[in-house]
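>>> with the input below, show me the fold.
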Amino acid sequence: MNVSLRQLEYFVAIMDEGSFSRAAELLHVTQPGLSHQFQALERALGVRLIERTPRRPRLTPAGRAVMPHARAALAAGARVESTAHRVVAEVEAELYVATMYSHSVGIFPDALRSWRLTHSGIRVRLFEHRRSATMTAAMVDGQADIAIGPRPDHWDGYVRSLGFERFTVVTAEDDPVAAGRHTISLVELADREWVHFTPDSGLSDILDAACARAGFTPAVSIRTEQASSALRLAAAGMGPALVPENNLPPHFTGRTAFPVPPVDREITAYSRTPPDDLGEAFVTAIANRLLAVP
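Numbers count the residues shown, from 1 in each chain. Purely as a prediction, here's the structure:
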């Protein structure tokens, strides 16, 4: 049995207006079209709902039994529409966002601070990933509304470039190699043991690739999963680390210097379909955070 809200709306309007013609006029449809849909409703229910009389249609016993439920269904449909409109109007909405661990530490706090100033009623749920490949797979499975992270490989949906995050070399405060320097060549650190990342971290690939371009393979002092841990370990003297600059905490006690040649990573927003107004506003907040970094 296929009964639509539109058919129930026609049924209620016929009785409220007292005629098929006035109901059609109210609903801005043709009378034959309205009659056709009403007859389809009666066929679907297997009962006659209305008896046509010379003065006005009257409900049959079945019609009287169905009418309260028809009105309740229309009211429920109106509540569904109202809820959807409230979400569009950013009331009681929740945005699902997939991202990388280092982005949730380095990019999101400042971006979310500015976001909350204009979208205080919106909840954001983060799904954090170690590798961009696992995040892309999760997005294919529908985990989140939008993903913020490195440009995905072979993505057929919506992709927007948000900018680039740059990486910095971190050492202990008493490490003489970075003393008073703004930049440093990675080859100068070829004989050092590094604070490296576990192979399932996307940051591991970035360090290996940067060192390979400098002509060496980094020796490993210790491995960690997250940039925030690498920062603390490097500051404690466990060896140099290569981390996103945006992960540096205020008043960091270690030394920092930008590698030469520079190391950076493109950050994108992507989703299966173009984001709605709410999603687009969130993406813009992230982009503004990246552009604000000197």
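>>> can you show me the strands along the stretch 151-294 of the chain?
Remark: strands assigned in the stretch 151-294 of the chain by DSSP state E, counting those that start in this stretch are 158-171, 183-185, 193-197, 219-224, 241-244, 255-260, 264-271.
>>> of all those, which one is nearest Asp145?
strand 264-271 (6.5 Å; CB to CB). Placement of C-beta: from N, CA and C, glycine included.
>>> just to revisit the earlier point, buried deepest among the strands of the stretch 151-294 of the chain, which one?
strand 241-244 (a mean of 26; mean count of other CB atoms under 10 Å).
>>> which secondary structure elements does it contact?
helix 101-106, strand 158-171, strand 193-197, helix 202-213, helix 227-235 (3 or more CB pairs under 8 Å, 6 or more residues apart in numbering; DSSP states H and E).
>>> need these in a markdown table with mean pLDDT, can you?
Output for the helices and strands packed on strand 241-244, formatted as a markdown table (pLDDT from 0 to 100):
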| stretch | mean pLDDT |
| --- | --- |
| helix 101-106 | 89 |
| strand 158-171 | 93 |
| strand 193-197 | 96 |
| helix 202-213 | 93 |
| helix 227-235 | 93 |
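>>> please identify which of the ones you listed is closest to Ala133.
helix 202-213 (8.2 Å).
>>> just the C-alphas of stretch 143-156, formatted as PDB.
C-alpha atoms of stretch 143-156 as PDB (Å, rounded to 0.1, in the frame of the first residue of the first chain):
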ATOM      1  CA  GLN A 143      31.300   8.600   8.300                       C
ATOM      2  CA  ALA A 144      31.200  12.400   8.200                       C
ATOM      3  CA  ASP A 145      29.600  15.400   6.400                       C
ATOM      4  CA  ILE A 146      33.000  16.900   5.500                       C
ATOM      5  CA  ALA A 147      36.600  15.900   5.800                       C
ATOM      6  CA  ILE A 148      39.500  18.300   6.500                       C
ATOM      7  CA  GLY A 149      42.900  16.900   5.600                       C
ATOM      8  CA  PRO A 150      45.500  16.200   2.900                       C
ATOM      9  CA  ARG A 151      44.200  16.100  -0.700                       C
ATOM     10  CA  PRO A 152      42.700  12.600  -1.200                       C
ATOM     11  CA  ASP A 153      43.900  10.400  -4.100                       C
ATOM     12  CA  HIS A 154      41.300   9.600  -6.800                       C
ATOM     13  CA  TRP A 155      38.400  11.400  -5.100                       C
ATOM     14  CA  ASP A 156      35.400  11.900  -7.400                       C
END
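>>> what comes up buried for it?
Judged by neighbour count (16 or more other CB atoms under 10 Å), stretch 143-156 contains these buried residues: Ala144, Asp145, Ile146, Ala147, Ile148, Gly149, Pro150, Pro152, Trp155.
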